[in-house]
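# compute the structure for the input listed below.
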Amino acid sequence: MPPAPTPRPVSRVFYGWWIVAAMTVLLTTIGGLAFYNLSVLLQAFVAERGFPVSMASNATALFFLSSGVAGIVTGRFIDRIDARYFVVCSATLSALALTAIGWVRTPWQLYLFYLLFGLAYGGCGLVPAMTVLTRWFDAKRATALSIAMTGLSLGGALITPVTAWLISRVGLAGAGPWLGAAFFIGVAPLTLLVLRPSPESMGLNPDGVPVRPGHKPGLIRTGFTWRQARASRFFWGISLAYVFTMAAQVGGISHLFSMIASRAGHDTAALGVSLLAFASITGRLSGGVILLRAPSLPFTLISMVFQATALLLVSFSQDRILLLTAVVLFGLPVGNLLMMQPLLVAEAFGTREYGRIYSAHTLITMAGVAGGPMVLGLLHDLFHGYGAPYLFAAILGFSGSVTLVLAGRPPAPPPAAQ
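Next comes the predicted model:
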């Protein structure tokens, strides 16, 4: 057995906040070049390479399915292995995939690109990020997650418009190497220099709580095992609720650029993506403050209903100002719903096997994340427009809120965790 790490003296700034800062930058890069950028890539593959919308949508769905598979593999191992290894390797694969995007010209190459990009995203995205942050914070977990996940929206606001501009000027082939280099530089160095797998690896306690003499530092990991969690009604209830909710959200986001461009032009589409991301930042930061006083489940339910209502407005909006207003309303709950997903899992099931439980929950919800873009693309081709697809997304959103109500309350902690 290796000797226990020596408790570090209490410093003015808890190192966990440096982890939060690094995660914010990492998620900014990943959000701008992957999550929000998918709508830009979809439109570029359709406009520049002539792929049908439905085919590009199916490829986007494959991205999310493969990222879910990679996430559950990552979740199984990062409870025992340093998460930095997965993040750096996955960032390298993501960078190579983006660099080669200019070579994609046939359907099989399109699907292969999204398969590899999705696998890489799953290894350096939300599963390792949320698992590490959950270890570093307990009482201040909601605040830490709120700040770090703001990076996803910052990426959509700051980086995605630049990638849209770059692709429009030099095409996919010209933009690919720049996007790949940006992904690697934005993720790998910070991961190696700043990230640490847990507070106990540095002789610290979560939240910066002083280490008492004679006690080992670090988080006492209590809660449910994966087997106990999967036997609960609440686990399957929130997972199914997020299948519907993320199908609506990711489907709406993945087609957003193409939808706005078809109604109001390319420049308005780029503006719309930025407004969505800025609205998500505003909503998430406000949500972090609200969660200091409000319970998590009612807050999540209200956010689901708000998102579904906004998607309903998007489906009927044709006027430029009204359309952008609807997009802003759609963006307000986006960040909060992403943040509440890992937070609900941590609050309900604890940290004992959080990596396995959260990655399994994420894999289940990938059915919605992958299915949303695919179904909306099929509906677009069937109805020759985006009115019906976004109306269907709104219905999915309302279905998620109903399912969350039916999920009931979180289960009582198992005896070993009390």
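
# got the CA coordinates for the helix or strand where residue 301 lies in PDB?
According to DSSP states H and E, residue 301 maps onto helix 296-316. Only the C-alpha atoms of helix 296-316 are listed here, as PDB (Å, rounded to 0.1, in the frame of the first residue of the first chain):
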ATOM      1  CA  SER A 296     -32.900  20.800  -7.500                       C
ATOM      2  CA  LEU A 297     -35.900  18.800  -8.700                       C
ATOM      3  CA  PRO A 298     -38.500  21.600  -9.000                       C
ATOM      4  CA  PHE A 299     -35.800  23.900 -10.600                       C
ATOM      5  CA  THR A 300     -35.100  21.200 -13.200                       C
ATOM      6  CA  LEU A 301     -38.800  20.700 -13.900                       C
ATOM      7  CA  ILE A 302     -39.400  24.400 -14.500                       C
ATOM      8  CA  SER A 303     -36.400  24.500 -16.800                       C
ATOM      9  CA  MET A 304     -37.800  21.600 -18.900                       C
ATOM     10  CA  VAL A 305     -41.100  23.300 -19.300                       C
ATOM     11  CA  PHE A 306     -39.500  26.600 -20.200                       C
ATOM     12  CA  GLN A 307     -37.300  25.000 -22.800                       C
ATOM     13  CA  ALA A 308     -40.300  23.200 -24.400                       C
ATOM     14  CA  THR A 309     -42.300  26.400 -24.500                       C
ATOM     15  CA  ALA A 310     -39.400  28.200 -26.200                       C
ATOM     16  CA  LEU A 311     -39.100  25.500 -28.800                       C
ATOM     17  CA  LEU A 312     -42.800  25.800 -29.600                       C
ATOM     18  CA  LEU A 313     -42.300  29.500 -30.200                       C
ATOM     19  CA  VAL A 314     -39.300  28.800 -32.500                       C
ATOM     20  CA  SER A 315     -41.400  26.400 -34.600                       C
ATOM     21  CA  PHE A 316     -43.800  29.200 -35.500                       C
END
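
# buried sites along it?
Of all the residues in helix 296-316, those buried under the rule 16 or more other C-beta atoms under 10 Å are 296-297, 299-301, 303-315. Yep, even glycine has a C-beta here, placed from its N, CA and C like the rest.

# also stretch 186-205?
186-188, 190-191, 194-200, 202-205.

# how much space separates the residue nearest to residue 320 when sequence neighbours are not counted from residue 168?
Excluding the flanking residues, the one nearest residue 320 by C-beta to C-beta, 6 or more residues apart in numbering is residue 264, at 4.6 Å. Distance, residue 264 to residue 168, using C-beta to C-beta, to the nearest Å: 16 Å.

# just how off-centre is stretch 302-312 within its chain?
Chain-centre distance of stretch 302-312: 18 Å, with C-alpha atoms, centre = their mean, to the nearest Å.

# low-scoring stretches of the stretch 301-418 of the chain, by residue?
414-418 (pLDDT under 70).

# what packs against the helix ranked longest in the chain?
Longest helix in the chain, counting residues (DSSP state H): helix 160-193. Where contact means 3 or more C-beta pairs under 8 Å, 6 or more residues apart in numbering; DSSP states H and E, helix 160-193 is packed against helix 15-30, helix 37-49, helix 83-99, helix 266-290.

# tell me which residues in it are buried?
160-164, 166-168, 172, 175-176, 178-180, 182-184, 186-188, 190-191.

# ok, residue 252 - contacts?
Residues near residue 252 by C-beta atoms under 8 Å, 6 or more residues apart in numbering: 311, 314, 330, 372, 376, 390, 393.

# same check on residue 394?
248, 308-309, 311-312, 315.

# mind putting those into JSON lines with distance to residue 56?
Below are the contacts of residue 394 laid out as JSON lines (distance: C-beta to C-beta, whole Å):
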{"residue": "248", "distance to residue 56": "19"}
{"residue": "308", "distance to residue 56": "25"}
{"residue": "309", "distance to residue 56": "28"}
{"residue": "311", "distance to residue 56": "21"}
{"residue": "312", "distance to residue 56": "25"}
{"residue": "315", "distance to residue 56": "21"}
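
# between those residues, which is nearest residue 24?
residue 248 (26.0 Å; C-beta to C-beta).

# could you double-check that that closest one sits in contact with residue 401?
No - contact criterion C-beta atoms under 8 Å: residue 248 and residue 401 do not qualify, at 10.2 Å.

# number of residues surrounding residue 224?
26 (other C-beta atoms under 10 Å).

# among the helices and strands packed on helix 160-193, which is nearest residue 353?
helix 83-99 (14.9 Å).

# same for whichever helix or strand comes after that closest one, what does it pack against?
Per DSSP H and E, the first helix or strand lying C-terminal to helix 83-99 is helix 107-124. In terms of contacts (3+ C-beta pairs under 8 Å, 6+ apart), helix 107-124 is packed against helix 15-30, helix 53-77, helix 83-99.

# could you check the angle helix 37-49 makes with helix 107-124?
Helix 107-124 runs at 160 degrees relative to helix 37-49, counting by axes from the mean of the first three to the mean of the last three C-alpha atoms, to 10 degrees.

# neighbours around the closest residue to residue 174 other than its chain neighbours, how many?
Closest residue to residue 174 apart from its sequence neighbours, by C-beta to C-beta, 6+ apart: residue 102 at 7.2 Å. Other residues within reach of residue 102, judged by other C-beta under 10 Å, total 16.
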